[in-house]
Structure formats: C-alpha cells, structure tokens
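>>> Predicted structure and sequence below. I'll ask about it afterward.
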There are 2 protein chains.
Amino acid sequence: MLKTKYRTHTCGELTIKNKGQQVTLCGWIQKVRKLGGMTFIDLRDRYGITQLVSQDEGAIDGFSREMVLQVEGEVIERQSKNPKINTGEVEIRISKLTVLNKSLTPPFTIEEETDGGEELRMKYRYLDLRRNNVRANLELRHRMAIETRNFLDKLQFLEVETPVLIKSTPEGARDFVVPSRMNQGEFYALPQSPQTFKQLLMVAGFDRYYQIVKCFRDEDLRGDRQPEFTQIDCEMTFVEQEDILNIFEALVKHLFKTVKNIEIPELTRMTYADAMKYYGSDKPDIRFEMKFTEMNEVVKGKGFKVFDEAGLVAGICAKGAGEYTRKQLDELTEFVKRPQVGASGLVYARYNKDGTIKSSVDKFFNEETLKGWAEAFGAEPGDLMLILAGEPHKTRKALSELRLEMGSQLGLRDKTKFACHWVIDFPMLEWNEEGKRWHAMHHPFTAPKPEDMDKLVSDPGSVRANAYDLVINGVEIGGGSIRIHNKELQARVFDILGFTKEDAQYQFGFLMNAFEYGAPPHGGLAFGFDRLCALFGGADAIRDFIAFPKNNSGRDVMIDSPSIISPEQLKELGIAIK
Amino acid sequence: MLKTKYRTHTCGELTIKNKGQQVTLCGWIQKVRKLGGMTFIDLRDRYGITQLVSQDEGAIDGFSREMVLQVEGEVIERQSKNPKINTGEVEIRISKLTVLNKSLTPPFTIEEETDGGEELRMKYRYLDLRRNNVRANLELRHRMAIETRNFLDKLQFLEVETPVLIKSTPEGARDFVVPSRMNQGEFYALPQSPQTFKQLLMVAGFDRYYQIVKCFRDEDLRGDRQPEFTQIDCEMTFVEQEDILNIFEALVKHLFKTVKNIEIPELTRMTYADAMKYYGSDKPDIRFEMKFTEMNEVVKGKGFKVFDEAGLVAGICAKGAGEYTRKQLDELTEFVKRPQVGASGLVYARYNKDGTIKSSVDKFFNEETLKGWAEAFGAEPGDLMLILAGEPHKTRKALSELRLEMGSQLGLRDKTKFACHWVIDFPMLEWNEEGKRWHAMHHPFTAPKPEDMDKLVSDPGSVRANAYDLVINGVEIGGGSIRIHNKELQARVFDILGFTKEDAQYQFGFLMNAFEYGAPPHGGLAFGFDRLCALFGGADAIRDFIAFPKNNSGRDVMIDSPSIISPEQLKELGIAIK
C-alpha cells in the first residue's frame, strides 16, 4: 500500500516473513556504526527503523546522520535480534546504495530525548517534527480527528465550513482583523468561534452540525495559549441539555476506546455550586477525592483571630501525609502565600500514628477540639489536615490550588489515568467589578433555565443557565449551552449585558432577525481540540500537538512571521502604520 | 438514533411499519390546507416531510408556513398515498400540538424553485439554506469530505493542520494580511495555500500529508471566485509523478463510486502540448471529441488572403450540424468575434447530405479542394466544418471557445456525464510579456523534468515539469507537481524567476535551509474542493456549495461584513485608515 516508484517497502514493515526477498527502502540515516569489518546503518522513516548491513567498510565513507538514502538488498535474518522493534529480527544486506540527499549536521539530536532547547527546536521545527514522540503527537491528533468525524457522521451530524472572514464584535476577547482592499476603511475579523453561524445553521434546519475548525484570539499569550487554535464545534436542534450531554459523553468514550483502548466509566455530573463548594474550582480534578471541609462552625470563638475574622475557614485532608516534615510544611506555607495562590498563611494539624494530634495553632485549640476537626475531616491517624481562612471566594481559590499541589505531591494525578465529568448548572451571568456590569459567563446567546427566568431582572446573579463544561483531569476541555431562540429574550439579555439597542442591532441584528423566522430550540458545545489531544497524549503543553505553533510573542520563528509588508500593499489596502 | 427529548422520530422516517405507534415529531410547517372538514399540515425537517391530520379545523387557526411545531399523535395509514416520498403511506393523527416558535412570512418561498433573487437569498441565507436543493448541496459536500478523508486515511495520509497566520509573500496572487498587535508595524498573511508547510512536513519525514483546508486570495472576484475557498491539499514523499497520479486517480474513482455510484473508466493522460494542439486549451472538455484539424498545408496558396497570411488555419468538425441555418451560422460568426473569444471571422463548409460541400469561401476553393478538407476533418455528409485563422495562440484559444459552444449546442456536454483526465508535462515556465520575465507556470517549487534540466539556462521556455492537472468536463479541478528538494536548484529557479538572492532568502530562506537537512524527493497536488463539489452536484456555481458565501464585492450581505472597526481597535493595532 505504501509501495512507490522509490521503494518496495517502508522501514517499519519487514519481518522474518520477508526473509530472502529483494527489497528497496528509503529513509534517513538514524545511526551508522562499524563493527568487526561490517558496517551497519539504522535507516528510519515514519513507519520504523530497519537495519542495513554491508561488508564493504568503504560503502559509507562520508555518510552522516539525517542523510536520505535509497537502498536495495536482500532481507536476511539478523545475528543478534532486537525484540523491541517490529523489524528487529531482520536486516538488509545492501546490494545498492543511492544517496538521495545530503544533510548538514542537525543543530540538535533527532531523538526522543533531544539536546535542543525550545527556541532552537521551533526555529528548525521541520527537524523537531522528525522526533518520534513529536510525530506521534500529530499522529494521535489525526486519529482523534478521524474518529471524531466518523462518530459524528454516524449520528447524522453534517460538517459545514463556516466563514473565516467575518465581522468584528467587541464582545469577548480581542479580534484579529483583516483590512478589506475592495471595501477600503472596512475590516473583516477572524472568528473567535463559529457561534452565530452554527446557530444560523440550526435556524436553517440543518439539525446537527459539527466542524473541526480553526478559531482565533488576539490575546496576550501567557502560558499555553496560541493565537490560532482548533475546536470541535457542534450544535443540535430539538434537544435539551440531557441530549447533548449524552451524545458527547458517548463521543468522549468513543475516543478513549478507539484511540487509547481505555474504557471510561459513566461521566459523573456536578453542579457549579458543588464544584465551588467542595473543590473551589469550576474544573475540579476528580482523579482524587480530598474535598473541602468547611469549618466555620467548629473553629470560631476560640480566640484565634485569623479564624474568627475569616469569612470562611476550610481545609482539606491529605491522606497519609501525616509524616510531612517541618520543612515540607514550611514549603506548603510558602506555596499558599505565592501571589498566584494568594492565601495569607496555612494552618495544619497532624494526626499522628499514635493517635495524638499536633497543630500549628495548639495555643488556641486543645486536643479535644482538634479531635473534633479530625472527625469533620474524616481524618485518620497518619493524615494531615491543611486549613486556610479568609474571604470565602479567595480562600476557596487558594485551597483549590493547595489541593492540586497536594494531589501532585501524593502522586494522585497520574497522567495515564483519566477522570472525566460534567460541571452543570453554571450561573448565566457574572458581575464584572471593573466594568460595573454583568458579563455572560458562557456567552450572550446562552439561555437561562426556564425555572430561573423570573429572576432575570430581579436577581440576575442567581439565574442559572443550561450550560455545561466537560472537565477531564481538572482541565476544562470545553463546554456549551442551550441557546436562546427567541428574539425578545435575546434582546432582553443584550440589555442586561449593557448593550444599547443600537449596538445589539448593529452587531447581532442578523441573528435576532433570523430568530423571527421559525428558529427552533437548539444547543451545542465546543471542545478545545488542541487541549484534548494534549490530554490524550499525556502532556501539559498544547504546543507539542500543533505542527507549527507560535511562541509567546505570537511569532513563528521558523518562517519569521509576522513581518513587514511593502508600501504598495499598505497603499492598496488604504491603511498606514502609525 | 435521532431521538431526542423533543421528538421520538424525524419527519423522514415513519412508514407503514410504524402504524399504530404514538410518536412525537418536530419541524417546520411546509404547507397547511383544509379539505372536507379535515386539516392537513406538511411538517418538514432535514430528513423529510410527514403529513399531519386533524379533524379540528380550528386547531391551526393562525398557523402559517415556517412556524416550528412539536406534534404528538398516532401513526395511521393514509387514505390517498403519496408514492414519491418515504413517508407517503402514513400520516399522524394529531393529539397534541405545541407551537415552539412563530415565523414571519419569509421574504421568498422555501421551495426548490424559489421566487427569491440572488441578493435577497444571500441576505436571508439561513432561509435559503432551508431549501432542499441547497441543503442537499451541503450534504453532498459533507459526504465528499468524509469519503476523501477515509480514503486517504486508509493510505496512511496524516491530516495535519498548517497555520492560518503566516507570512506575506509577494509572489502569486494578493495576500490578505492581518496586522499584529503584539508586533506593531508587522503583519501576518492568510495562506493562499499551505504549499511551503506541506513541503516542510515532507522534510520532517511525515511521508504522506493531506488537509481539507481554507485558503485565501485577495483577488477581484470576477465570475465564480470566492476570497476564501477550500482545497484538498496533499503531499507525498519518495514518489514519482506516476505514484501521485495513480493514488489520486483512485481517489477520484472512489468519490464517484461512493458519492454518486458512478464507475468511471481509467483516466486518460494528455500532454500539455497535445491539449493545446488538439483542443486549444490546457483543460479540454473531452466528453466529446471534436479535435482541432490543422489545415495550413491544404489551404495556403489559393489566393485567400485571410488564410495565406495566417500563422495557423485550423478547424473543427461539428458532427451532424450540416443543416445549421444561415441564421445559426451568422450567430456563430458573431460568437467568435466577441472580444472574449477574439477571432476576426469564421469560415464554414457544410457537407450536405447529398454529398456536395458548400462553403463561405467558395470563391477561393473549389469543390474538390473542399473534399480534401472534408477528408482532413474526417467529415461526412451532414457535418459542418468550422474554420478559424490567425495568430496561432489566439486562434487556438478562439477555436477552443467555439468547440465548447458547439459541444453545448449539440448537447454533448451533459452535466450527468463525467469525463476525467490528466493533463501532464506542463512547461515549467511561461514568459510574462508585461513583466518581461519568466513566471512559474505552476509555482516556484516545481521541479524541471530531469531530462530537460540542461535547457534550464539555454532555453527556459522549453523546459517541461513533472506537473499535472486533473480536468473533469473541461474544468481544472486541481493539479500539482514533483517539487524541488535541493537547495542549489531551488536557488537557481528563484534566480531565473527574477528573485534577487536577498529576496529569495528573505521570503523562502526557511525552505531552502530545510533542504539542507536531508530533504527527501517529494511531490503532491491540491484539488479545489468547492469546484469539485459543484461539479459532482451538476452545478456551475461554487457559491451554492458554500454555506455562507460572499458576493462579488467580497461582502457577506447577511452579517454585513466587512465593517468599520473602532478607533480603539485601530490604535491598539498601531494602524490608521488613509
């Protein structure tokens, strides 16, 4: 199947069954060595490595790694077999060797563990991609895309391409814009998501839509963000939240089964309120328990000012960490005091194996009170209780960080284990202190839960939406919602979000108009495809799952982009650089 | 499978087998009518139409087409069956009717034959997409994408996403550019194709790559062009032209078989030289023969100045058109004299059924000479010979147009018949009279044929490339070439194309550098996916196969884009409108 005019086989397929055959292979020199008058070459292609052998020591003079060879010869049985690779029982006795191309010495080694730093590897990304593990990441990505498409195709989802040159809307993140030459002074924008288009497809009666689609955000690229990223984007008609959760739970299971051969159990569901209460996060990592215990009732009024003045005192029980040293505990205290975590201090209580409890606040709490704590925590001898106090929201956030840190320290966050669940019942709105206005928590097209509709004006903050997130191992993979399909409700929501009537009409008039012509109930979701691939690949960085990523300044250092353009181009576009 | 909380079945699936079942359907009102005290509703969704019936005439007061309904009822057998549709033997006796959404009267009828004009339908594209034939086009597109992907996946092609934010290169068409906020004064460009990236993937050893990918060209949008369009883009390593033609011939056959259930015969191959000689076009429509006959040898020196002074006298034989009237022949003369066709006149010779030949140049050519013409043409009684004369290149072009026109007039261009073939051996370069320099006929990365390599400097115009186009029914679906994989050769070609060393290095240095690190022989092609879909759908316009197309001014009239952006956005980007 992979036979071409250049080769009869790939470097990954010959086995003892091919013994005696005359074959032609092509590939790159992985390694050359001489041994006892013999010359050996490891020839590599995407499919594997095959050993070549020659009795002519001169045959490879001047050969170096990453040269491209075509070799003809006979498949023979190896003297010393390598059971680790498919082709390990055979080698090729070289009868003809052709150099198809030379290679300079690569700036870093083409090995899974390379000596090249990030910047260098990005500049020579085409060499970095030769490394088996990097290529495997992109093979995984391909496989996931194929499996996603075939799964959704079977369920009658249509992949429809939505436009890339669309309209700029100030809501949400910053848009990338594209000056229009034919309409000077006007701009297209690149989509942050196909949201409005997929809703229009539902109005059009397409019933089930999906797309694996590039999206764009001109944001400052902290950590692991990319200006262009890929989503699995879906929308369905005549559905309730339950339908969507069921179908996409099935997709997640299908991907784990077909791509990783892992059977995952039914996805649990957690309300946003519970996620915040028990994990301090809307994307809890539930590979491990370690839920929050709220302690206001058992710690107040004992004269410990920190607790007495706190809006919330809450803690976690780290199973089996009772023998943490003083040094380790000091490090944890340093950890929670980091600005990113934001706690002012850490209280601990060690439940010793001998049954005694020793805390950092013994002055204020006697052993009996501490036993009461242990009971609240469900702690047993050998466990460590860690407690934070302060303003409730900040405390939950800090305790969430501490929980994840303890999970890591205790080895509870194994990258080969997967805990998937839904977080549901998100609030529809969140108050933006800076802008002094309500923001849509998901986006402005999300419908309130029917039963909360009457609070939309009286108590907007308490209105929940049929909005949901898929969380795997503490990573938000994506989410969605049931959408508004009624013009009046959409107009009211824009009003609550602080849009003037004119702004709403100018930006989203086409959608509200569409709602007047028989818009059906609909909803959907989007998964971050780069992130999902990284997670399946057991990696933290999405960058390794993108063929040609950009760096933190949004630059592609390989092609050296962005770059200046010519004065003629600027003139044609009717723009100038300030 | 399509059951949801809102419906038990779709409007396309109930048959007599479901008789007696209680069902719930959702959909749009296609039609309402009252008849003999009964009320009938045709309820439509993507999957079909089901008839609803009620004995309560008042049940549908105020109902109008395109309203969204949910209906519960029993499947019963129809009195008068409709054998044309799946569901034609049954109807639903309504027990409960819920209006899910109202609809204003649509601005045009939602029927295959609509009364809406182009501009109106584009403004309300979400309603236009409700028409069965428009939706069918996009369903066809989805099916073609799925089949393409699965075919290539089986052959180990990896789908790899290449970046959308890349670097502007002045070669080729005009780029759309994207100002960079983080790198002010610099711009990304949107890709006209992933050409260099796919070549880098080959350098990276990916062996076989494909992508169904959006590409962008900021060109004036005459006729049927779109600023954003989609390609099936492929590249392979360790291949010769033969390998690529074979695999993509198999893809084309696979698509015809799986999508249209048509078995197409082996694709013929025609050299570019023959295509120009016999059809005057590099994309001949070979659904019909009507090859050019060159007549210089038989017409010169008879005193007819037009022929005597012409560089080329050539004609076609229109089988069975011998009875064309004077009026029809005059119209053909008008046709060839149009500026787009460009001939100065038309000579014809009718081979009458009685064996006589009557020409428009009887003054210069006697019957015996005309018999000689007929022989050259292979004409028989009842045929019509049409002859043009002039500068060879212009004459061929005009005769090609005349040939297509005659093919159409004689009903030889049936949209349900498909003639697919390869045009091969394209010249590598073409002389650009305006710029007084050589242009790459395909693109600057195309390799010369090894046997023509020595003419690269001495006679560049005669150098052929291993470049090929797929032509179906006279439409160029796409093409490709074997690429250069050697830095020195690439540099020489840039030099021939008029690049300074500095320009070549600035624009394509990354690619030439990559060629120094073991670049393998490789080649590939790209098919225009929009065009391929239109062809499969039997349509001329790609616009009907794109969900949200732009008009000839590059505008999306539905969302009203492009549009102005805010002064703050401009300021952040460091640009100004001139």
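Alright, I've got the coordinates. Only a predicted model underlies this, so the values are computations on that prediction, with no experimental measurement involved.
>>> can you give me the strands for the stretch 451-578 of chain A?
Along the stretch 451-578 of chain A, the stretches classed as strands by DSSP state E, counting those that start in this stretch are A:467-472, A:475-482, A:522-528, A:575-577.
>>> and of the ones you listed, who's closest to chain B?
strand A:575-577 (4.9 Å; Cβ to the nearest Cβ). (Glycine included, C-beta is placed from N, CA and C.)
>>> Within its sheet, name the partner strands of the closest one and how each one runs.
Using DSSP bridges, the neighbouring strands of strand A:575-577 in the sheet come out as strand B:575-577 (antiparallel).
>>> Quick check: what element follows the longest strand seen in chain A along the chain?
In chain A, taking DSSP state E as the definition, the longest strand is strand A:22-35. Counting by DSSP states H and E, the next helix or strand C-terminal to strand A:22-35 is strand A:38-45.
>>> The helix or strand following that next one pairs with which strands, parallel or anti?
Where DSSP H and E defines the elements, the next helix or strand beyond strand A:38-45 is strand A:48-54. The sheet places strand A:48-54 alongside strand A:38-45 (antiparallel), strand A:90-101 (parallel), with pairing taken from DSSP bridges.
>>> Measure how strand A:48-54 sits relative to strand A:22-35, angle-wise.
For strand A:48-54 against strand A:22-35, the angle between stretch directions is 70 degrees (axes from the mean of the first three to the mean of the last three Cα atoms, to 10 degrees).
>>> sorry, back to before: quick check: which of the strands paired with strand A:48-54 is buried the most?
A comparison of these by mean neighbour count, using mean count of other Cβ atoms under 10 Å in any protein chain shown, puts strand A:38-45 on top with a mean of 20.
>>> any chance of the strands of the stretch 451-578 of chain A in a markdown table, with mean pLDDT too?
Below are the strands of the stretch 451-578 of chain A laid out as a markdown table (pLDDT from 0 to 100):
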| stretch | mean pLDDT |
| --- | --- |
| strand A:467-472 | 98 |
| strand A:475-482 | 96 |
| strand A:522-528 | 98 |
| strand A:575-577 | 95 |
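>>> CSV for those strands, including mean neighbour count and distance to residue B:251?
As requested, the strands of the stretch 451-578 of chain A are exported to CSV (neighbours: other Cβ atoms under 10 Å in any protein chain shown; distance: least, Cβ to Cβ, whole Å):
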stretch, mean neighbour count, distance to residue B:251
strand A:467-472, 25, 35
strand A:475-482, 22, 33
strand A:522-528, 24, 29
strand A:575-577, 17, 42
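>>> got the residue ranges for the helices in the stretch 101-250 of chain A?
Taking DSSP state H, counting those that start in this stretch as the criterion, the stretch 101-250 of chain A carries its helices at A:118-123, A:125-128, A:132-154, A:195-203, A:241-260.
>>> Looking at those, spot the one closest to residue B:282.
Using Cβ to Cβ as the criterion, the shortest distance between residue B:282 and those is 33.1 Å, found for helix A:125-128.
>>> So is that closest one next to chain B?
Yes: Helix A:125-128 lies in contact with chain B when judged by Cβ under 8 Å from any Cβ of the partner chain; the contacting residues are A:125-128.
>>> of these, closest to chain B?
residue A:126 (4.4 Å).
>>> and of the strands paired with strand A:48-54, who's closest to residue B:271?
strand A:90-101 (27.4 Å).
>>> In contact with residue A:219, which residues?
Contact analysis of residue A:219 by Cβ atoms under 8 Å, 6 or more residues apart in numbering or on different chains lists A:173-174, A:225, A:227.
>>> again, only this time at 6 Å
Under the criterion of Cβ atoms under 6 Å, 6 or more residues apart in numbering or on different chains, the contact partners of residue A:219 comprise residue A:173.
>>> As TSV, the strands paired with strand A:48-54 with mean pLDDT would be great.
As requested, the strands paired with strand A:48-54 are exported to TSV (pLDDT from 0 to 100):
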stretch	mean pLDDT
strand A:38-45	95
strand A:90-101	96
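>>> out of these, nearest to residue B:553?
Proximity to residue B:553, assessed across the strands paired with strand A:48-54 by Cβ to Cβ, is greatest for strand A:90-101 (47.5 Å).
>>> tell me the angle that closest one makes with helix B:195-203.
Using the same axes, to 10 degrees, strand A:90-101 lies at 140 degrees relative to helix B:195-203.
>>> For stretch A:38-47, give me every contacting residue.
A:10-12, A:25, A:27-33, A:49-54, A:57, A:59-60, B:205, B:207.
>>> Only whichever of the residues you listed are buried, select them in ChimeraX.
With 16 or more other Cβ atoms under 10 Å in any protein chain shown as the criterion, this ChimeraX line picks the buried residues out of the contacts of stretch A:38-47:
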select /A:10,11,12,25,27,28,29,30,49,50,51,52,53,54,60 /B:205,207
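>>> one step back: among the helices of the stretch 101-250 of chain A, show the one with the smallest mean pLDDT.
Within the helices of the stretch 101-250 of chain A, confidence is poorest for helix A:118-123, with a mean of 94 (mean pLDDT).
>>> so what's residue A:429 up against?
A:438, A:460.
>>> looking only at pLDDT, what's the mean for whatever helix or strand residue A:399 lives in?
Remark: residue A:399 resides in helix A:392-409, with elements defined by DSSP H and E. Helix A:392-409 comes out with an average pLDDT of 97.
>>> again with stretch A:271-289
With pLDDT averaged residue by residue, stretch A:271-289 scores 97.
>>> Okay, buried residues for it please.
A:272, A:275-276, A:278-288.
>>> do stretch A:160-177 as well
Of the residues in stretch A:160-177, those buried by neighbour count under the rule 16+ other Cβ under 10 Å are A:160-169, A:171, A:174-177.
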